[in-house]
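Trainee: got a predicted model here, sequence first, then my questions.
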Amino acid sequence: MRPDRTLLTQQSARGGIGASTLRPDGGLKVTGEFAYASDLWHEDMLWGHTLRSPHAHARIVSLDTAEALATPGVHAVLTHDDLPAATRYGLEVQDAPVLADGVVRHHGEPVALVAADHPETARRAAAKIDVVYEQLPVVTDEKTATDPGAPLLHPRRTDRHAPYVPHPNIVHRQPVVRGDVAAARSRAHAVVSGDYEVGMQDQAFLGPESGLAVPAEDGGVDLYIATQWLHADLRQIAPVLGLPEDKVRMTLSGVGGAFGGREDLSMQAHACLLALRTGRPVKMVYNRFESFFGHVHRHPATLHYEHGADRDGKLLFVRCRIVLDGGAYASSSASVVGNAASLALGPYECDNVDIEALALYTNNPPCGAMRGFGAVQACFAYEAQMDRLAAELGLDPVEFRRRNAVSQGSVMPTGQVIDAPAPVAELLRRVKALPLPPGRQWESAGGSADLRALPGGLSNTTHGEGVVRGVGYAVGIKNVGFSEGFDDYSTARVRLETVAGEAVATVRTAMAEVGQGGVTVHAQIARTELGVARVTIRPADTRIGSAGSTSASRQTYVTGGAVKAACEAVRERVLETGRAKFGTYHPAWATAGLLLEDGKIVTDGGEVLAGLAEVLDGEEPVEAERVWRHRPTEPFDPRTGQGQGHVQYSFAAHRAVVEVDTELGLVKVVELACAQDVGKALNPLSVIGQIQGATTQGLGLAVMEEIAVDRATGRVRNPSFTDYLIPTILDTPAIPVDILELADAHAPYGLRGVGEAPTLSATPAVVAAVRQATGLALRRVPLRPEHLTGT
């Protein structure tokens, strides 16, 4: 049959790239119908529970499980001695025990596991396990970690970082040295130095760690799990179980947020061990208290910076030292160090730098990935320094930043040239040009006060006495994707077929959808590349190659790149089939540049050659799998820090407007505006959501969020949402967003990773605004009332 030929007016598929397509899971989530991992159920399942250490550092003298095993309803109790194969795992370094190996190294470390027919039975049985501890000296900071005679938490290290650290309690150290700092300092007109501190922030995802392990007839196990990286979990779990990877089948379940906290293992191996021991499905769900011990946190940091500039306000040198507390186990601390060191200067040009970043082993809770990944801590300090140096020079803080801003072609401290747009000065100009919110919003025309708009107003603590306004600015730089030579790739499989006379695409990857909207974007890519309206996204599992981690703002870039490549391969095969079927009807079939649009094959001029359903009719489904990699990177030199370490940079700038009750020490963030270059907004609505979400997490670090750890004992003091505070809708201000789209030619569609950069600059912008309002130095976050009142 000869296909009909007409001219199309629509040049791209509806709901394709550039459209604000709604998320397919959005309605289910807001109505409470979405199935999270904690909702998993199996009719004959048992419940698992973990016994955790009450001490931060102790030797296990004895461990008696007899009473727990005798409890009615208990089916298994496991300790370190019951492990069948590998006894340690880790994301980058295999130094974390599956269950405590005779020594516990942090408060909350897993010691034993219980499986029972009811969760309360499992909890009570775990409480009956008799553990005798001998407490050991606690390492909680740099002094206690590196002093002569300090306890060595991992004395027999063989990891690749060990040869380059001056002490075994240092996980990793990365210097970055360029130019001549001493000579530059001698020429400086103005020099400022300062010490800064960033507290331990939690990812505070609302969906707790949870999963269901089901033993299989082949001796393997099927694990349904909320995670960020299925294949990294698989790589660590299989050796612990003593099974080949093909017998550990993992499927992603509904994930209630992540922000880095699900990159490391929590209960994955534990649930599988219990399931294989009992021969029954085992479900494990952490409560909120246990969740605070079940995942890593943001590294707390102490930072010393020294900046110098000439009379014209150009940076001459920067010297800094960043000390990150990695906690008891390595997790991703080495990579966090690499980020902190390579981005420690910020988005500024400076030819002379002397940077040192390091992470410690301590007996504090393990720290690892969290949104911003090492760049957050540095940004707080270098932006405070930029404000201080601007004041010393008598310059406007935004103008001073603009004079020193990097641009395309600038050279980073690592020697890497920025080879894509870097519109830092323009972002600062844009965010400053946004209209300011009106002042004293709590006052109505009649003079009465709306207390809700005041700092602490919902608690009726003030009627506006002592309330002053401040405005602050900050800008940050964040890398995108995995760095330092990591083989960062993703796999995608795309299938095109006819269903009921309509062309339908199916996309399959192992990408973890943790709330970032990847499933939405993947469907948009398929619609754009294949010209179809209907796209099915298959559940993520390990039956396809790795998609890497849902972190580092990399999934749209890397897995999106893989989906695009697979779609392109399918498209070429469809065009080949069309040429074979209909090529004799129209000479345009022989030309290049044919497109798939709106369910049809068209020329680049819009002339329809055939319908997709016609081409596919009677044919086998067209399927292609592709592995896609971004440009290679390389490790930083361990002594100089030089190297092409990052694949892409992202930039965001903030302006914060705050009102501060100087008598009570309370802060109300009135507005937190953001300008960000996103390269290409594949889904503008989702981009705005990512920017606003990241901004809110930065706000939390500025004024309220911190895990409090007792420095004498290493114990966590506030493992609950009663005492660990996160911003609610009442704390979150208006967040105007100005999106700039300057394409990165090296990335699919010119996109730039979006989700992390705003987390960096939000925090220092808020603190800068509070400084302007109060005149206080404020060198620690989160801010507390006593920092503002001096009490």
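Mentor: Great, that's in hand.
Trainee: ok, and the closest non-adjacent residue to residue 508?
Mentor: Once flanking residues are discounted, residue 508 sits nearest to residue 538: 4.1 Å by CB to CB, 6 or more residues apart in numbering. In short, each C-beta sits where N, CA and C put it, glycine included.
Trainee: test my guess that that neighbour contacts residue 506.
Mentor: Yes. Contact criterion CB atoms under 8 Å: residue 538 and residue 506 qualify, at 6.2 Å.
Trainee: more neighbours, the two?
Mentor: More crowded of residue 538 and residue 506, by other CB atoms under 10 Å: residue 506, with 18 against 14.
Trainee: packing partners of whichever helix or strand that one is part of?
Mentor: Using DSSP states H and E, residue 506 falls within strand 502-509. Other helices and strands packing on strand 502-509, by 3 or more CB pairs under 8 Å, 6 or more residues apart in numbering; DSSP states H and E, are strand 489-499, helix 518-530, strand 534-537, helix 555-582, helix 612-616.
Trainee: now it against helix 555-582, angle please.
Mentor: For strand 502-509 against helix 555-582, the angle by axes from the mean of the first three to the mean of the last three CA atoms, to 10 degrees is 140 degrees.
Trainee: check contacts around the residue nearest to the spatial centre of the chain.
Mentor: Residue closest to the average C-alpha location in the chain (CA atoms, centre = their mean): residue 371, at 3.5 Å. Applying CB atoms under 8 Å, 6 or more residues apart in numbering to residue 371 gives the contacts 203, 259-260, 694, 697, 755-756, 759.
Trainee: again with residue 288
Mentor: By CB under 8 Å, 6+ apart, the contact list for residue 288 reads 208, 719-721.
Trainee: please name the nearest non-neighbouring residue to residue 63.
Mentor: Closest residue to residue 63 apart from its sequence neighbours, by CB to CB, 6+ apart: residue 131 at 5.1 Å.
Trainee: how about residue 176?
Mentor: residue 641 (3.1 Å).
Trainee: the one you found against residue 173, yeah?
Mentor: No. Taking contacts as CB under 8 Å, residue 641 lies outside contact range of residue 173: 10.4 Å.
Trainee: which one of the two is surrounded by more residues?
Mentor: Per other CB under 10 Å, whichever of residue 641 and residue 173 has more neighbours is residue 641, with 24 against 19.
Trainee: what about residue 92, which helix or strand?
Mentor: Counting by DSSP H and E, there is no helix or strand that carries residue 92.
Trainee: how near is it to residue 329?
Mentor: Residue 92 is 10 Å from residue 329, where distance means CB to CB, to the nearest Å.
Trainee: for these two, indicate the residue with more neighbours.
Mentor: Ranked by neighbour count (other CB under 10 Å), residue 92 and residue 329 place residue 329 first, with 28 against 20.
Trainee: bridging residues for the residue nearest to that one when sequence neighbours are not counted?
Mentor: In this structure, residue 329 finds its nearest non-sequential neighbour in residue 96, 4.2 Å apart by CB to CB, 6+ apart. Note on residue 96: beta-bridge partners by DSSP bridges are residue 89.
Trainee: A strand includes residue 653, no?
Mentor: Yes. Secondary structure of residue 653, determined by DSSP: H, G, I helix; E, B strand; the rest coil: located in a strand.
Trainee: my read: residue 324 touches residue 377, true?
Mentor: Yes. Counting by CB under 8 Å, residue 324 touches residue 377, with 7.0 Å between them.
Trainee: ok, which stretches of the stretch 51-200 of the chain are helices?
Mentor: 66-69, 119-127, 142-146, 181-187 (DSSP state H, counting those that start in this stretch).
Trainee: possible to save those as TSV with mean neighbour count, mean pLDDT and distance to residue 47?
Mentor: Output for the helices of the stretch 51-200 of the chain, formatted as TSV (neighbours: other CB atoms under 10 Å; pLDDT from 0 to 100; distance: least, CB to CB, whole Å):
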stretch	mean neighbour count	mean pLDDT	distance to residue 47
helix 66-69	15	98	14
helix 119-127	19	98	4
helix 142-146	17	96	38
helix 181-187	15	98	58
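Trainee: would you turn these into JSON lines with distance to residue 785?
Mentor: Converted to JSON lines, those look like this (distance: least, CB to CB, whole Å):
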{"stretch": "helix 66-69", "distance to residue 785": "45"}
{"stretch": "helix 119-127", "distance to residue 785": "37"}
{"stretch": "helix 142-146", "distance to residue 785": "28"}
{"stretch": "helix 181-187", "distance to residue 785": "38"}
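Trainee: now for these, which one comes closest to residue 488?
Mentor: Of all those, the one in closest proximity to residue 488, counting by CB to CB, is helix 142-146 (31.6 Å).
Trainee: can I get that closest one in PDB, CA atoms only?
Mentor: Extracted C-alpha coordinates of helix 142-146, given in PDB (Å, rounded to 0.1, in the frame of the first residue of the first chain):
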ATOM      1  CA  GLU A 142      41.600  15.900  64.000                       C
ATOM      2  CA  LYS A 143      43.600  16.300  67.200                       C
ATOM      3  CA  THR A 144      42.400  13.000  68.700                       C
ATOM      4  CA  ALA A 145      42.800  11.300  65.300                       C
ATOM      5  CA  THR A 146      46.400  12.300  64.500                       C
END
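Trainee: neighbour-wise, give me the winner out of the contacts of residue 288.
Mentor: residue 208 (23 neighbours).
Trainee: that one touches residue 285, doesn't it?
Mentor: Yes. The pair residue 208 / residue 285 is scored as a contact, 6.1 Å apart, by CB under 8 Å.
Trainee: list the residues that are in contact with both of the two.
Mentor: Jointly contacting residue 208 and residue 285 under the rule CB under 8 Å, 6+ apart are residue 38.
Trainee: could you name the specific helix or strand carrying the closest residue to residue 312 other than its chain neighbours?
Mentor: Once flanking residues are discounted, residue 312 sits nearest to residue 403: 7.7 Å by CB to CB, 6+ apart. Assigned by DSSP H and E, residue 403 belongs to helix 397-404.
Trainee: before we move on, what about residue 316?
Mentor: Taking DSSP H and E as the definition, one finds residue 316 inside strand 315-325.
Trainee: parallel or antiparallel, list what pairs with that strand.
Mentor: Using DSSP bridges, strand 315-325 pairs in its sheet with strand 301-309 (antiparallel), strand 353-360 (parallel).
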